[in-house]
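Participant: Fold the following and give me the result.
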Amino acid sequence: MTALDDTFDSPATREAARAALTAARPDATAAEWRPLGRGNRKETALATLADGDHLVVQAATDPAAVRSERALLDAIADRTSVPVPTALASERVGDAAALVTEHVDGRDLHERFTALGVSVRRDLARAFGRSLAELHEAFRFERYGSVAVPARPDATAAEPAVELVAGAASGEDVPETGGTDWAAWLGAYGRSGLARLPAAFDGLRVDLATLFDDPEVESAPPARLFPWDFRPGNALVTDGELAAVLDWEAPLAAAPALSLAKAEYLVADWYVEESEPLREAFRAGYESVRPCPAVDPVHRAAAICRTAVDSNGVVTNPGYPELSREKSVSFHRRALEDVLAASDIE
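Facilitator: Below is the predicted model of the structure:
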């Protein structure tokens, strides 16, 4: 049995988790806590209650981020049919905050995807495409950048949030631009990913930089929700159907083509060698809601650069079982080589 004190790293996140769980289920007692993972921004645990029920508790030392994720979860549930866990409560205690959601039964799609039948994989790719299109239809912004609830000095994580806006603020995942010039924002986004790539990519660096320095793209495409971590690794599946999409922290606003390129890489290319049927299914799902935007080489290059290496500088591992680092580098490099071959860079 794991206790609360052994689940969250700091007293602040422990107290926030305790307060949020109490707000969600005032009369319940957690019989056991089980860590589910520690990301760059938050800690997540499964709380098993004395009555046998399960709840998921996420805590972070960034109350504004918790408040924004709660607002986004509520808005997705209200505006779309995208399956997300129901947010039950969120609380701020000092400099930390926690969010409690329902626990959704299902299998980790990252671990299951390659074992599923071909038709089931296509159906899931179609569901991802449809979900992304619904998000693009439901969320519109005035600029490109980070998406958050407008900050207020008296705001609490528990307070209902009714507005999400895109701001020009910069950060780990957001370029330092004003957020109104799409070519500048996309170029900066791509270059930030390019800077993370290890030496094995040096032979491509000059051509990729040229692609990002003056991207030939639509001048002012609409800014829509960009769920940059929208992938099977953040999804649960039950009986071959998408049961829930998880992890909505730190969302962005960008042109639809960029999020389409990134999601295609993570859904269609990531797991199988024959990716075209999955890409077709993904796009068919998207087009069942809205027309597909034109995806250019610069969109793909930016998406791959930002996916190939995480924010800690670690090369990401496609497939399941996951590829070794050496094979992962080759996977991402080949993808970038294909993009450059399709571009006008000579």
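Participant: can I get the CA coordinates of stretch 305-318 in CSV?
Facilitator: Extracted in CSV, the C-alpha atoms of stretch 305-318 (Å, rounded to 0.1, in the frame of the first residue of the first chain):
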residue,chain,number,x,y,z
CYS,A,305,11.8,18.3,-35.3
ARG,A,306,9.6,19.0,-32.3
THR,A,307,8.6,15.4,-31.9
ALA,A,308,12.1,13.7,-32.4
VAL,A,309,13.6,15.1,-29.2
ASP,A,310,11.6,15.9,-26.0
SER,A,311,12.1,19.0,-23.9
ASN,A,312,14.7,17.3,-21.8
GLY,A,313,16.8,16.6,-24.9
VAL,A,314,16.0,12.9,-25.0
VAL,A,315,15.4,11.3,-28.4
THR,A,316,11.9,9.9,-28.5
ASN,A,317,11.3,6.2,-29.4
PRO,A,318,8.7,5.3,-32.0
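Participant: tell me which helix or strand of the protein sits lowest on mean pLDDT?
Facilitator: strand 165-167 (a mean of 63; mean pLDDT, DSSP states H and E).
Participant: Give the next helix or strand downstream of that strand.
Facilitator: Later in the chain than strand 165-167, the nearest helix or strand by DSSP states H and E is helix 182-196.
Participant: okay, now residue 88: neighbour count?
Facilitator: Around residue 88 there are 18 other residues, counting by other Cβ atoms under 10 Å. To be clear about C-beta, it is placed using only N, CA and C from the backbone, and glycine gets the same treatment.
Participant: Same check on residue 15?
Facilitator: The burial count for residue 15: 18, using other Cβ under 10 Å.
Participant: What sits closest to it if chain neighbours are left out?
Facilitator: What sits nearest to residue 15 in space, not counting adjacent residues and going by Cβ to Cβ, 6 or more residues apart in numbering, is residue 93, at 4.6 Å.
Participant: what's the spacing between the one you found and residue 49?
Facilitator: Distance, residue 93 to residue 49, by Cβ to Cβ, to the nearest Å: 20 Å.
Participant: Looking at the two, which is more packed in?
Facilitator: Each of residue 93 and residue 49 has its neighbours counted (other Cβ under 10 Å); residue 93 has more, 21 against 16.
Participant: Give me the below-cutoff pLDDT ranges for the protein.
Facilitator: 1, 38-40, 151-164, 166-177, 346 (pLDDT under 70).
Participant: just so I have it, where are all the helices in it?
Facilitator: Using DSSP state H, the helices of the chain run over residues 11-24, 63-79, 109-112, 118-138, 182-196, 202-213, 256-264, 276-287, 297-308, 325-342.
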